[in-house]
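> One predicted model, sequence on top.
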Amino acid sequence: MPLSFTFDADLRDHHTFGVSAKAKALVEVDSVAELARSYHGPQWQNLPKLVVGEGSNLLFTEDFEGLVILNRIPGRQVTESSDAYHLRLGAGENWHQVVAWSLAQGMPGLENLALIPGTVGAAPVQNIGAYGVELCDLCEYVEYWDCVSGEVMRLDAHQCHFGYRDSIFKGELKGRAIVVAVGLKLTKAWQPVIGYGPLAKLGTDATPSAIFDAVCSLRSAKLPDPTRVGNAGSFFKNPVVPTPRFEALRQRYPTMPSYPAGPEHTKIPAGWLIDQAGLKGYRLGDAAVHTEQALVLVNKDRASGQDVTALARHVVQTVSDRYGVELEPEVRILDRDGALCW
Ligand code: EPU
C-alpha cells in the first residue's frame, strides 16, 4: 500500500494538550515495514522525525519542521503458560482499551493502570505507573525498531533499565529506538494491589473489576479528561531527594507527604509542593494549574505551547524559592526540530 502523507498537517488531533501546532508532514503507519519506509523515505532524509502514539505526554512549543509518524501498529496476542498469560501487544494499541479488554478476557493484572491516556508503545518509554503498580512490574520484554540498523530488537524487562518514569528509551536509546511491541506477563496467581490510600477500603477480597472501577473514578475525579480540557497528565515528576534533606524539610513543614525511593532517597509529591506554594488554579493567560490536582497543567482554551511552558517555569521557580526543591517536567517539551527544549 502506498503511504498517505498529509502536508502542513494540523497536530491538534494528535496530541492531548490542545495547543495549536503544525508539522511539515504526517503519516500513519500500521506495520514495521511501513514505519521503516516512511522513516527512511528519501524526501524526509534531512528532516527531523517524530514518532507519536496519541501524544499524551508531549507539548509542542512551535510548529514541527519535520515528519510526524503516527504509530498505529496493532496486535493483541495471548499465549498461556501454567502460571501466567503472556500478552504481546502492538505499540499502536490504545492502553486503556487493552486494560479493559484484558480484564474482560479474565486476565487481571492491569486494573490499577486503567484510564492512563496514550498507547501501548509509549507505556515502557516512561514506565507508566499509578496506584502502586508500574509497567515494569508486568513487562516481560519490549521490541523496538532500530532506526539506525533497521532491525527489530527485543529487550527483556531488566535490559530496559526501568526507573521512576524512566527507561533506556529515554536514555541510551533515545532518538534511535521506536517501540513496536510490548510483552506483558499477567500471573494467574493474581493478588489485588490496594496499598494506595483510597483503594485500601476495598479490602483484600477486592475483585479486579472493583479495583478497575475505583481507579477509573479516582482518576476521573482528580485528573482532567484530555478530550475536554487539554493536558498531559502529571506535568512534573515527583522530585526525589536525599532522605536527610527530606527530614530537614519535614522539620519545617510537618505535613509534607512522602514516598520511600530506595534506601537513601525520598520522593516528595510535586502536587503537594505546588499546592502548598499557593499555585492551585494559578493562571497565566489560558494556561493554568489544575484545581483538583496541582501536578497537572491545563489548557483552558487557547493556550500556546509557549504559554504552558511559561507557566511551568513559574511553577518551578516558585517551588524552588519556597522549598529549595527543583521540579523537572515529566512531559516532553519539544522545539521545532522535535528536540527537548526545557
Ligand atoms: N497533593 C496535594 N495537592 C495536590 C495534589 C496532590 O496536596 O494538588 C498531595 C495529595 O494529597 C497526596 C500527595 O500529594 O498526599 C500525592 O498525590 P496523588 O496521590 O494524587 O499522587 P501524585 O504523587 O501526585 C502520582 C503520579 C500519577 C498517579 C498517582 C497515583 C507522578 C508524576 N504522578 O501522582 O501519575 O496517577 O501518583 O498513583 O508520579 C501521570 O503520570 O500522568 C499520573 C497522573
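That came in fine, so what should we check first?

> going forward, measure contacts and count neighbours with C-alpha atoms only.
OK.

> and residue 11, how far is that from residue 18?
Going from residue 11 to residue 18 by C-alpha to C-alpha, to the nearest Å gives 9 Å.

> meant to ask about residue 210
Applying C-alpha to C-alpha to residue 210 and residue 18 gives a distance of 32 Å.

> which one of these two has more residues nearby?
A count of neighbours by other C-alpha atoms under 10 Å puts residue 18 above the other of residue 210 and residue 18, at 27 against 14.

> Identify the spatial nearest neighbour of the more buried one, chain neighbours not counted.
In space, and not counting its chain neighbours, residue 18 is closest to residue 230: 4.9 Å by C-alpha to C-alpha, 6 or more residues apart in numbering.

> That neighbour contacts residue 16, correct?
Yes: counting by C-alpha atoms under 8 Å, residue 230 does reach residue 16; the two are 5.6 Å apart.

> The two: who's more crowded?
Taking other C-alpha under 10 Å, residue 230 and residue 16 do not tie; residue 16 has more neighbours (26 against 23).

> name the element residue 180 belongs to?
strand 177-187 (DSSP states H and E).

> Can you name the next helix or strand after that strand?
Downstream of strand 177-187, the first helix or strand assigned by DSSP H and E is helix 197-200.

> which outside residues touch that following helix?
The contact list for helix 197-200 (C-alpha atoms under 8 Å, 6 or more residues apart in numbering) reads 194, 211, 214, 215.

> and the second one, how far is that from the ligand?
Read it as residue 211. Shown here: residue 211 relative to the ligand, a distance of 13 Å by C-alpha to the nearest ligand atom, to the nearest Å.

> does that residue sit in a helix or strand, and which one?
Secondary structure from DSSP H and E places residue 211 in helix 208-222.

> Determine the set of other helices and strands touching the helix or strand following that helix.
Downstream of helix 208-222, the next assigned helix or strand under DSSP H and E is strand 230-234. When contacts are defined as 3 or more C-alpha pairs under 8 Å, 6 or more residues apart in numbering; DSSP states H and E, strand 230-234 sits against strand 296-299.

> other SSEs contacting the strand it packs on?
strand 230-234, strand 287-289, helix 305-323.

> Quickly note the distance from the nearest residue to residue 123 once chain neighbours are set aside to residue 269.
Of all residues not flanking residue 123 in the chain, residue 135 sits nearest, at 7.0 Å (C-alpha to C-alpha, 6+ apart). Per C-alpha to C-alpha, residue 135 is found 20 Å from residue 269.

> Can you report how many residues lie near residue 10?
Residue 10: 16 surrounding residues under other C-alpha under 10 Å.

> ranges for the helices of this structure?
Under the criterion DSSP state H, the chain contains helices at 32-39, 95-104, 197-200, 208-222, 243-252, 270-276, 305-323.

> What are the buried residues along the third one?
I take that to be helix 197-200. Across helix 197-200, burial judged by 16 or more other C-alpha atoms under 10 Å covers residue 199.

> pLDDT of it, averaged?
Mean pLDDT, helix 197-200: 92.

> What residues does the stretch 201-342 of the chain have near the ligand?
Contacts of the stretch 201-342 of the chain with the ligand, taken as C-alpha under 6 Å from any ligand atom, map to 233-234, 236-238, 257, 269, 271-272, 275, 292-295.

> List buried residues within those residues.
Buried among these by 16+ other C-alpha under 10 Å: 233, 234, 236, 237, 238, 269, 271, 272, 275, 293, 294, 295.

> can you pull the contacts of the residue lying closest to residue 54 once chain neighbours are set aside?
Spatially, and ignoring its direct neighbours in sequence, residue 54 is nearest to residue 118 (5.1 Å; C-alpha to C-alpha, 6+ apart). Neighbour list for residue 118: 53, 54, 55, 56, 57, 94, 95, 96 [criterion: C-alpha under 8 Å, 6+ apart].

> rerun at 6 Å
54, 56, 95 (C-alpha atoms under 6 Å, 6 or more residues apart in numbering).

> what number of residues lie near the first one?
It stands for residue 54. 24.

> Next, work out how far apart it and residue 135 are.
18 Å.

> Could you do residue 284 as well?
Distance from residue 284 to residue 135, counting by C-alpha to C-alpha: 34 Å.

> And those two? Which one has more around it.
Neighbour count, other C-alpha under 10 Å: between residue 284 and residue 135, residue 135 has more, with 21 against 15.

> That one and residue 116, how far apart?
Using C-alpha to C-alpha, which is the criterion applied here, residue 135 is 11 Å from residue 116.

> Same question for residue 210.
Distance of residue 210 to residue 116, computed by C-alpha to C-alpha: 17 Å.

> Over to residue 286?
Computed as C-alpha to C-alpha, the residue 286 to residue 116 distance reads 24 Å.

> for residue 6, same thing?
28 Å.

> So the two - more neighbours on which side?
residue 116 (20 against 15).

> What sits closest to that one if chain neighbours are left out?
Leaving out its chain neighbours, the residue that sits closest to residue 116 by C-alpha to C-alpha, 6+ apart is residue 96, at 6.2 Å.

> Right, I'll call it a day here.
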